[in-house]
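In: any chance you could fold what I've pasted below:
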Amino acid sequence: MAAATDQTIFKVKPWAVAVPMVLIGLVFLPTTVVVLAALTPTFVARIVDTSPGRRLTVTVGAMNLVGALYFVHRIWATGHSVSDIGPTLGDTFGWLCALVGAAAGWVIFGAMPAIVGRIAAAQTAIRLRRLGAQQDKLVAEWGETVRGAYAVRAIKEEEAEAEAE
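Out: Predicted structure coming up:
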């Protein structure tokens with residue numbers, strides 16, 4: 001039988017989060033309405049997101065929220081009343097900010113596989129160079145027989161080809 005751990009798992013009930021969020025949303029009703037309208041691209045991203053961990057939704061949502069901050073500033077600057085919702089949402093520059101933020105999230109999400117691939121390739125090349133240098137030291141100390149069938153020669157061949165050009 002496995003020993004019990006001292007760590008207690010803390011589970012939050014959904015209603016314990018939903019009730020305070022609804023109350024806060026009602027207190028700040030004009031801000032809530034404006035932000036929910038500005039976050040429409042995030043809701044669309046959530047519907048079409050099939051990535052594990054909902055990475056598209058998180059990326060688009062974060063950038064869209066940054067763009068929606070223009071609306072938040074505008075509604076707070078005009079007095080934060082229900083009558084200010086219409087003029088605030090009618091501001092085309094606010095929509096531009098919100099939609100450009102969402103578009104930046106889509107671009108980041110789309111570009112990350114290529115960026116991560118290049119980083120991984122660079123790390124692999126660095127590791128192969130280190131292994132080749134370690135292998136050369138071992139060969140110098142113990143002789144060519146320690147190289148065996150798994151010789152790290154690809155890097156040296158690439159460097160020789162680069163020098164020849």
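
In: switch to C-alpha atoms for all contacts and neighbour counts from now on
Out: Fine.

In: for the most centrally placed residue in the chain, what are its contacts?
Out: Nearest to the mean C-alpha position of the chain, counting by Cα atoms, centre = their mean, stands T59 at 5.1 Å. When contacts are counted by Cα atoms under 8 Å, 6 or more residues apart in numbering, T59 touches G105, W106, I108, F109.

In: leaving out sequence neighbours, find the closest residue to the first one.
Out: Meaning G105. Distance criterion Cα to Cα, 6 or more residues apart in numbering; nearest residue to G105, sequence neighbours excluded, is V60 at 4.1 Å.

In: which helix or which strand is home to the one you found?
Out: helix 55-77 (DSSP states H and E).

In: what residues sit buried inside that helix?
Out: Residues of helix 55-77 classed as buried: 56-72, 74-75 (neighbour count, 16 or more other Cα atoms under 10 Å).

In: alpha carbons of that helix, as PDB, please.
Out: Only the C-alpha atoms of helix 55-77 are listed here, as PDB (Å, rounded to 0.1, in the frame of the first residue of the first chain):
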ATOM      1  CA  ARG A  55      -3.400  27.000 -26.800                       C
ATOM      2  CA  LEU A  56      -5.100  28.900 -29.600                       C
ATOM      3  CA  THR A  57      -7.800  30.200 -27.300                       C
ATOM      4  CA  VAL A  58      -5.200  31.200 -24.700                       C
ATOM      5  CA  THR A  59      -3.000  33.000 -27.200                       C
ATOM      6  CA  VAL A  60      -5.800  34.800 -29.100                       C
ATOM      7  CA  GLY A  61      -7.600  35.500 -25.800                       C
ATOM      8  CA  ALA A  62      -4.600  37.100 -24.200                       C
ATOM      9  CA  MET A  63      -3.800  39.300 -27.200                       C
ATOM     10  CA  ASN A  64      -7.400  40.200 -27.700                       C
ATOM     11  CA  LEU A  65      -7.800  41.200 -24.100                       C
ATOM     12  CA  VAL A  66      -4.800  43.600 -24.500                       C
ATOM     13  CA  GLY A  67      -6.500  45.100 -27.500                       C
ATOM     14  CA  ALA A  68      -9.800  45.400 -25.600                       C
ATOM     15  CA  LEU A  69      -8.200  47.500 -23.000                       C
ATOM     16  CA  TYR A  70      -8.800  50.500 -25.200                       C
ATOM     17  CA  PHE A  71     -12.500  49.900 -24.700                       C
ATOM     18  CA  VAL A  72     -12.100  49.600 -21.000                       C
ATOM     19  CA  HIS A  73     -10.200  52.900 -20.800                       C
ATOM     20  CA  ARG A  74     -12.800  54.600 -22.900                       C
ATOM     21  CA  ILE A  75     -15.800  53.300 -20.800                       C
ATOM     22  CA  TRP A  76     -14.100  54.300 -17.600                       C
ATOM     23  CA  ALA A  77     -13.100  57.700 -19.000                       C
END
